[in-house]
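1. the sequence isn't on hand, but the structure is:
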């Protein structure tokens, strides 16, 4: 057997739904249920409220200002419109399973956020001031772009999916950094929400059958670098504050970490169920994604034999 004809190894994903959920609980336990975690996050709220944030004029916090969706009062309308668009794309493409999975990601993320907020308390372990005692884990505003973007990645066609991923990652990053810079949430809130949404997405891809999109689509190799660079720039701008460089960098780092989780969740090979396959016989991810790619090595061997 030639090297070209050797069976490709299956790339095993390092992110999974159980791991994301374990990380979600770990973030809560470390940041919310320990004095060290509470002191560290409470120390980030030493400025003069939301006004010094660079994105203040677009946060909806100022009277009469416009809010960047899904900040402030735009959260629910953004969720409704985004869900309708995801359903419409699934209907147009006639991808019923993908549409149901995408809607499931949205419902599970938003519902999971509500349940977690209700059952996960925030005890006062450090004698914090009253304004810091309200439970905020996980973030509801970050749940909206996380759920909608991950759902959109599911229903998007292979031709536009990388661009949908890049746009969704940028939207999530800016939202996460903005709610931190305006003192609406703590870093653990946005990280917890992103982990919850990623867990829902990974569970959906785990339950779906192997991808049947067989179009031979090629995208620019620089797209990942461009997407990550834009997300980093968005995190720096949205998380910046005029009164503290340290807070600005922490908020930007937390926002970019959300982008990294989103990127690895949507670009790693999905862990499909191996129905009807023996262990070790799983279909490689590359074969699922591009089943029409010609076997150049086999064609060359046949030509030499002739």
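-> The structure has been received and is ready for your questions. As the structure is a computational prediction, the values presented were derived from the model and not from experiment.

2. any idea how far residue 19 lies from residue 154?
-> Applying C-beta to C-beta, to the nearest Å, the value for residue 19 to residue 154 is 20 Å. In this view, the C-beta of every residue, glycine as well, is placed from N, C-alpha and C.

3. who has more neighbours out of the two?
-> Just comparing residue 19 and residue 154: by other C-beta atoms under 10 Å the higher neighbour count belongs to residue 154, 26 against 15.

4. what's the closest non-adjacent residue to the more buried one?
-> residue 102 (4.3 Å; C-beta to C-beta, 6 or more residues apart in numbering).

5. what about residue 84, distance to residue 243?
-> Distance check for residue 84 against residue 243: by C-beta to C-beta, it reads 40 Å.

6. equivalent analysis for residue 34, please.
-> Taking C-beta to C-beta, one finds residue 34 at 27 Å from residue 243.

7. swap in residue 197?
-> Applying C-beta to C-beta to residue 197 and residue 243 gives a distance of 31 Å.

8. shaky segments in this structure?
-> Applying pLDDT under 70 to the chain picks out residues 1-13, 62-65, 211-218, 270-306.

9. grab the most central residue of it for me.
-> By C-alpha atoms, centre = their mean, the chain has its centre lying nearest to residue 262, at 3.1 Å.

10. what sits closest to it if chain neighbours are left out?
-> residue 169 (4.8 Å).

11. now do the helix or strand harbouring the one you found: which elements does it pack against?
-> Taking DSSP states H and E as the definition, residue 169 sits inside helix 161-181. Contact analysis of helix 161-181 by 3 or more C-beta pairs under 8 Å, 6 or more residues apart in numbering; DSSP states H and E lists helix 140-155, helix 187-207, helix 223-238, helix 245-267 as its packing neighbours.

12. need those helices in JSON lines (columns: distance to residue 60).
-> Converted to JSON lines, these look like this (distance: least, C-beta to C-beta, whole Å):
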{"stretch": "helix 140-155", "distance to residue 60": "10"}
{"stretch": "helix 187-207", "distance to residue 60": "17"}
{"stretch": "helix 223-238", "distance to residue 60": "14"}
{"stretch": "helix 245-267", "distance to residue 60": "18"}
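
13. from these, which stretch is densest packed?
-> Highest mean neighbour count of these: helix 140-155, a mean of 27 (counted as mean count of other C-beta atoms under 10 Å).

14. tilt between it and helix 245-267?
-> Orientation check (axes from the mean of the first three to the mean of the last three C-alpha atoms, to 10 degrees): helix 140-155 against helix 245-267 gives 30 degrees.
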